[in-house]
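S.K.: below is the sequence, then the predicted model.
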Amino acid sequence: MSPPSTSASAAPVAGDAVAIKNFAFSPATLKVKVGTTVTWTNQDTDAHTVTSAGSGGALHSAALNTHATYSYTFTKPGTYSYLCTIHPFMTATVEVTR
């Protein structure tokens, strides 16, 4: 039996939680069903936001301090790209399917 792989992967991950750590969202691509509430938890010592890329998006968290959380329930299918407005190089996606 081999240990689980710890290498980074671009493949979508199913679940309902996103960790914010080391100036990155993990997983970078999360796949959920409509109606799922996703919770982001900041595990960094710096503040971060969860904000939709582009205008008019669904995600608008305040600045999240260490251990702060932000939750959003996805009610429509689609691809939701988001970033941290404080550190715009931090980007990720939630893929919502029926």
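M.R.: Yep, it's here.

S.K.: any chance you could map the strands in this protein?
M.R.: 13-14, 17-21, 24-26, 29-33, 37-42, 51-52, 69-73, 78-83, 91-97 (DSSP state E).

S.K.: residues in contact with T91?
M.R.: For T91, the contacting residues are 25, 28, 53, 81-83, by Cβ atoms under 8 Å, 6 or more residues apart in numbering. Just so you know, the C-beta spots here come from the backbone N, C-alpha and C atoms, and that holds for glycine as well.

S.K.: try it again with 6 Å
M.R.: T91 makes contact with L83, according to Cβ atoms under 6 Å, 6 or more residues apart in numbering.

S.K.: could you give the bridge partners of it?
M.R.: L83 (DSSP bridges).

S.K.: how near is it to T75?
M.R.: Using Cβ to Cβ, to the nearest Å, one obtains 23 Å as the distance from T91 to T75.

S.K.: in stretch 63-76, which residues are buried?
M.R.: Judged by neighbour count (16 or more other Cβ atoms under 10 Å), stretch 63-76 contains these buried residues: 64, 70, 72, 74.

S.K.: output those as JSON lines; include the columns distance to T49 and pLDDT.
M.R.: JSON lines is the format used below for the buried residues of stretch 63-76 (distance: Cβ to Cβ, whole Å; pLDDT from 0 to 100):
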{"residue": "L64", "distance to T49": "7", "pLDDT": "98"}
{"residue": "Y70", "distance to T49": "8", "pLDDT": "98"}
{"residue": "Y72", "distance to T49": "12", "pLDDT": "98"}
{"residue": "F74", "distance to T49": "18", "pLDDT": "97"}
